[in-house]
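> give me the fold of what follows.
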Amino acid sequence: MDWFYAQNGRQVGPVTLEALLSMLQGGHVHPGDLVWREGMADWQPAATMPELTAAVPSASASLNYFNPVVGPYGPSIYAGFWMRLAAALIDGIALWMVGYLINSGMGLELPILRHHANSLPMAVLEMLMMGSALGMVAEWLYHALMESSRYQGSLGKMALGIVVTDLSGQRITFGRATGRHFGKIISKLTIYIGYMMAGWTEQKQALHDIMAGCLVIRKR
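Residues are numbered from 1 along each chain as shown. Sure, this is the predicted structure:
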């Protein structure tokens, strides 16, 4: 009977059972990759299929932190680097608009600041510092509240159809979302390599995702 498997959101197959077992043994197909054959109601991780784990005992043992989990959205399909980057750009625009409104409300429009750049009074400098602090608080609350809400994601993530979950595929708490947000500081300090890790780690996790124990997955 022919089998199909999915990697990086792409369906591959059909392949024979013998070929699939060979790919599992060789590491080309991972125990957590989703597989399907005729007669199955839905795709399932390879490690949950008796026909595969019987021949590759190590498959069931390796179904752990590094493999897809089954949550409210079904078996996880992880959101890759470029999808997450697009979501971040949308969020950046939204936060820039918030920052602009804050600065405008405080009378700190950019043209005025440029005109008086060399003679800013202390009161204006204090207002600038306050505006910057308010912007950081707004960014934290934006991400932490949205990602821990029933939407499980910021506006950018909602637009791309992706959500933030814990390692069990469940909704995260405000505290975990806060930890994930401030973990981005570490990702930035690595010259953004921490962000780029979402492109090559097994579960498409950035460094701050790993630190907070989170996944970013695609909705069905």
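
> give me the low-pLDDT residue ranges for this structure?
For the chain, the stretches with pLDDT under 70 are 54-75, 102-131, 220.

> would you map the strands across it?
Ranges of strands in the chain, per DSSP state E, are 3-7, 10-15, 34-37, 44-45, 70-71, 74-75, 162-166, 214-218.

> now render the ones you listed as TSV, adding distance to residue 195.
Where C-beta positions appear, they are placed from N, C-alpha and C, glycine not excepted. Formatted as TSV, these follow (distance: least, CB to CB, whole Å):
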stretch	distance to residue 195
strand 3-7	22
strand 10-15	23
strand 34-37	26
strand 44-45	27
strand 70-71	24
strand 74-75	25
strand 162-166	15
strand 214-218	12
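
> nearest to residue 179, of the ones you listed?
strand 214-218 (8.7 Å; CB to CB).

> okay, now the domains of this protein?
3-66, 81-218 (automatic domain parsing).

> could you pull out the helices for this protein?
For the chain, the helices defined by DSSP state H occupy 17-26, 50-53, 58-61, 81-105, 110-115, 122-147, 155-160, 174-189, 193-196, 207-212.

> will you turn these into TSV that also has mean neighbour count?
As requested, the helices of the chain are exported to TSV (neighbours: other CB atoms under 10 Å):
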stretch	mean neighbour count
helix 17-26	16
helix 50-53	16
helix 58-61	16
helix 81-105	15
helix 110-115	10
helix 122-147	15
helix 155-160	19
helix 174-189	16
helix 193-196	17
helix 207-212	21
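
> for residue 158, give me its contacts.
By CB atoms under 8 Å, 6 or more residues apart in numbering, the residues touching residue 158 are residue 151.

> again, but for the one 3 residues further on
Contact partners of residue 161, counting by CB under 8 Å, 6+ apart, are 218-219.

> from residue 84, how far off is it?
12 Å (CB to CB, to the nearest Å).

> right, I'll call it a day here.
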